[in-house]
Each structure stands twice: as C-alpha cells, then as structure tokens.
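Q: Dropping the sequence and predicted coords here.
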Amino acid sequence: MKRLRSTISGQVFPFERIEEFAGNGESLEVAADGLAGARVRQGRRLWERFADFLPVVIDDEISLGEGSTPLLPAGKALSTFTGIARLLLKNETMNPTWSFKDRGSLTSIAMARQMGEPVTATISTGNMGHSMAAYGARAGIRAVVFVPRYAPAEKIRAMAIHGATVVRVTAPDYSMMKREILGLASGLNLRVVSGNGPIRAEGYKLAAFEMYEQLEGHVPDFIAVPTSACGHIRGLFKGYRELMEAGLTGRLPRMIVVQAANVNPLVSAIREGRDRIVPVTGKETVAEAITSGDPPGGAEILLKARHFGWLAEDVTEEEILDAQRRLAGAGYFVEPAAATSLAAVGKLRAAGKIRQDDSVVLMLTGSGLKDMSVFARQGVEVVESDLRSIRGDVEKILASSPPGGVY
Ligand SMILES: *Cc1c(COP(=O)(O)O)cnc(C)c1O
C-alpha cells in the first residue's frame, strides 16, 4: 500500500493527503517499501523503464517529452576554471519549459489526474508555475499560480499563455507568502503544490535514473544542486537511494547544497553544524529562482547533509554573474540560479573538499532566456553599423581580438 512518511520522525500519512507537509512542518516523502524486487523494465520511455519506482501512472497523454537531457563533459575551460578534471553538465534547460521543474510537474499532474482534481495550484517564483501551467494545459487541468511581486515578466507571460490563472501576491517575503497559501489547501480542498512536495520529488527521481543510465550504472562522486525549496536535491538523492535498495548500485553520490550568499539559510546552518534553519528575510539575489529564505521542511536537508557527508557552499552576486558568463562562454546560456553551482564547486575544490579526479555533476537547472532582466547587470556589447560603414566595420572586427576573450 502506498503511504507518505514524514522525513524526520517517520509519521505515516495516507498517500492521497492534500497537505504537502506533516502537521509539525516536516517534509513528507512517498514511502519506498518493497523495492527489493524492483527492476528496470523494457520500454522506450524513462517512466516505463522505472515504473517499479513510481507511485503514479504516467503516460503519453500527460507527458510533454521531458527528460532525455544531455549529460556531457563540461569541457576544458570549465574544468580548468574549477580544477576538476571530471566535471559533467546535466543540461536540464533542455526540458519542455526549459527547466528541471518539468519532471516534477509530470508526476504532480499525474497525481491530480489520478485523484480526479479539476484544478491544481502552485506557488512559484516562476519556473515551477510556468511548468505547471504547461502540464496543466496538456492534461486539461486548470492551473492557478501564485507568484511574488518580483517574478520575472518572461515567466509570468509564459504561465499566462498556457492559460493558467496567475495571482501576484504582495507579501513581506516569499516564505511568509508560501506558508500562508499552503495553509489554504485543506480548508479549500485544493492541492497546492510547492517546490518541496512529496509527489514532485518523485518526478525529480527520474533525473537520477536517467543519469544512472547515461553513466552506465556509474554513480558520480558529487552532484551539485542549486537549492531553494529543496525538492530537487531530495528527489535526486531519493532516486539514488532507491536504486541502492533495489540492488542496482552499491554507492550513493554526495550531494552539494548550493545557495546564493544573500539567501543561504541551508548553507549557513550546515556550515555552522546547526540542525535548525535560521530564516533569512528581506534579502534578494540575482538568482531569483533560489530565494526561499525559510524553506518549509528544510530541516531534513540539514540532517541528511550531516548523515551522508554532503557538502554545502554559497556564492556571491559577482561570483554568480561570473559563472553565468563562463558557462555561456562554454556554450551554455543558463539563468543565474543555474550558474551558482559552477562557482560553488570551484570554491570547494580550492578548499580541498573536492579532489581533482572526483567526478562532479552540475545540474544546469534553468535556461538563461527565462530572466532577461539580468542583462541589466551583464555588460552586453553590440557593434552599431549601417550599410555605408559595414565593410570597414567588419575589417576592424576581423583585425581585433574577440570580446569575452578573458576566459
Ligand atoms: C526551482 C529552481 C531551483 C531550486 O530547486 P528547489 O527544488 O526549489 O530546491 C534552482 N534553479 C532553478 C532554475 C529553479 O527553477
């Protein structure tokens, strides 16, 4: 029988529970009992091959073709920059709405369909709302998205064109807004999907399974994850734990919790050895997708970090923008939140916490085109020309060294 279990004290709840957290605030996860007999099956789709590990039924009627994203060596420039020879990039920007959120929306929408729910709600700074809007549109389930005032226009427009109802909420800070709206769920009998819900995490497991296949059963030493609500990091790790329970691997990756220095409640707690989060309020970062200053259920991450020897690192605004330029210089245009892990692993390598020959995967969580306002902070050089001076201009360009040659 499928059940939900609270992740610290192990309280058990019905699988159908609408609230995403236990009464005491702990995050919930789908209890993975009976995986001993689970195996990888034949099938063209990832969810078919790993159906034994999934609590919801997925099919082509709700899929938008998420996943199958490249996992490739980062290349010489980024390996040299970080000092990590075996640096790999998992390019989750190649999902249908250009972020990894699509994997969680797949299972969230599958759950809503299974429960016969006509409406599903979500709270998001942008990517999750955009993704839920698209998957809601695909499945014929109405999406209501609550966004904070600072959500980028690109992401709001994307939600709207998929037909979602977008509610922009004025609130003192995002975590307060989140708690308030999550609290509406049981009274309104409305599933309010947050970034750390148990069913989303089941979708993020699929990225772990996909990397397991792509690396032919090899498990990387480290996986660096820009972390905010914590759903992604715990879903990925849960995936590897379940592979181990099923006897498909003998080892687990060590996760790296990455945050912006401006909003770093998890990293500071791990660094100081605390088992409680001290909320960060009133701070902003250019990495607007990772701004949960007080992530509900986040205490679980602190315990896991200690128990499993995870690493944690935070990065400044300048380091984030620099990392975004370096990734772009290597061919990957990602949003600032996604760039944080490059800067973080470079610092961890310099501190001797990662070795030169460790295999390290960076999760490139979202596309650069999703937040154009950042260009106000990245210098953009354009050569102005006209048809009379174009020949002379091109001659000058060919005689000069390329811009951005610094890297
Ligand atoms: C949502 C998001 C994150 C953070 O993931 P969580 O599951 O909230 O921890 C990181 N990067 C991008 C681009 C995101 O959209």
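A: Sure, I can see it.
Q: quick one, what contacts residue 291?
A: Counting by C-beta atoms under 8 Å, 6 or more residues apart in numbering, residue 291 makes contact with 125, 174, 228, 260, 263, 284-285. C-beta: built from backbone N, CA, C; applies to glycine.
Q: same for the ligand: which of the residues you listed are within range?
A: residue 228 (C-beta under 6 Å from any ligand atom).
Q: So which of the contacts of residue 291 sit within helices?
A: In helices, judged by DSSP state H, the following of the contacts of residue 291 are found: residue 174.
Q: Which members of the contacts of residue 291 occur in strands, if any?
A: residue 260 (DSSP state E).
Q: For stretch 300-320, which residues meet the burial criterion?
A: For stretch 300-320, the neighbour count (16 or more other C-beta atoms under 10 Å) marks 300-302, 304-305, 310-315, 317, 319-320 as buried.
Q: cool, stretch 269-276 as well?
A: Per 16+ other C-beta under 10 Å, stretch 269-276 contains these buried residues: 269-270.
Q: can you check stretch 11-30 too?
A: 13, 15, 17, 19-22, 26-30.
Q: can you give me the offset of that stretch from its chain's centre?
A: Relative to its parent chain, stretch 11-30 has a centroid offset of 21 Å by C-alpha atoms, centre = their mean, to the nearest Å.
Q: any residue of that stretch up close to the ligand?
A: No - figure legend: stretch 11-30 not in contact with the ligand (C-beta under 6 Å from any ligand atom); closest approach 11.2 Å.
Q: helix or strand right after the one helix or strand residue 268 maps to?
A: Secondary structure assigned from DSSP states H and E places residue 268 in helix 265-271. Downstream of helix 265-271, the next assigned helix or strand under DSSP H and E is helix 299-308.
Q: After that following helix, which helix or strand is next?
A: Next along from helix 299-308, by DSSP H and E: strand 311-315.
Q: which secondary structure elements does the following helix or strand past that next one contact?
A: Counting by DSSP H and E, the next helix or strand C-terminal to strand 311-315 is helix 317-329. Judged by 3 or more C-beta pairs under 8 Å, 6 or more residues apart in numbering; DSSP states H and E, helix 317-329 is in contact with helix 76-82, helix 336-350.
Q: Might you report the residue contacts of the residue in the stretch 251-400 of the chain that the ligand sits nearest to?
A: Taking C-beta to the nearest ligand atom, the ligand has its nearest neighbour within the stretch 251-400 of the chain at residue 366, 2.8 Å off. Residue 366 makes contact with 92-93, 98-101, 127, 289, 334-335, 337-338 under the criterion C-beta under 8 Å, 6+ apart.
Q: Would you mark the buried spots in the helix ranked longest in the chain?
A: As assigned by DSSP H, the longest helix anywhere in the chain is helix 198-214. Buried positions in helix 198-214, judged by neighbour count with 16+ other C-beta under 10 Å: 198-212.
Q: Wondering if it reaches the ligand at all.
A: No - using C-beta under 6 Å from any ligand atom, helix 198-214 never reaches the ligand; the gap is at least 7.4 Å.
Q: export the buried residues of stretch 11-30 to a markdown table and tack on pLDDT and secondary structure?
A: As requested, those are exported to a markdown table (pLDDT from 0 to 100; DSSP: H, G, I helix; E, B strand; the rest coil):
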| residue | pLDDT | secondary structure |
| --- | --- | --- |
| 13 | 97 | strand |
| 15 | 96 | coil |
| 17 | 94 | coil |
| 19 | 93 | coil |
| 20 | 93 | coil |
| 21 | 95 | strand |
| 22 | 95 | coil |
| 26 | 97 | coil |
| 27 | 97 | strand |
| 28 | 97 | strand |
| 29 | 97 | strand |
| 30 | 97 | strand |
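Q: Pull the most distant pair out of the residues you listed.
A: 15 and 26 (16.6 Å; C-beta to C-beta).
Q: What about the residue lying closest to residue 179 once chain neighbours are set aside, how many residues nearby?
A: Closest residue in space to residue 179, ignoring its immediate chain neighbours: residue 296 at 6.7 Å, by C-beta to C-beta, 6 or more residues apart in numbering. A count of nearby residues for residue 296, using other C-beta atoms under 10 Å, gives 22.
Q: and if you look at residue 186?
A: For residue 186, the neighbour count with other C-beta under 10 Å is 12.
Q: Ok, residue 75 next?
A: 14.
Q: The residue lying closest to it once chain neighbours are set aside: what's it in contact with?
A: Nearest residue to residue 75 in three dimensions, chain neighbours excluded: residue 330, at 5.3 Å (C-beta to C-beta, 6+ apart). With contact taken as C-beta under 8 Å, 6+ apart, residue 330 is in contact with 74-75, 77-78.
Q: Give me the subset of those that also touch the ligand.
A: Of those, not one also sits near the ligand (C-beta under 6 Å from any ligand atom).
Q: if we can go back for a sec, just give me the closest of the buried residues of stretch 300-320 to residue 163.
A: residue 320 (33.0 Å).
Q: Which residues are in contact with that closest one?
A: Residues in contact with residue 320, defined by C-beta under 8 Å, 6+ apart, are 260, 285-287, 336, 339-340, 343.
Q: so residue 101 touches residue 133, yeah?
A: No - with contact defined as C-beta atoms under 8 Å, residue 101 does not count as touching residue 133 (10.7 Å).
Q: near the ligand, which residues of the stretch 301-407 of the chain?
A: Within the stretch 301-407 of the chain, the residues that sit near the ligand (C-beta under 6 Å from any ligand atom) are 335, 337-338, 365-366.
Q: Name the spans of the stretch 101-250 of the chain whose pLDDT lies under the cut-off.
A: Scanning the stretch 101-250 of the chain for pLDDT under 70 picks out nothing.
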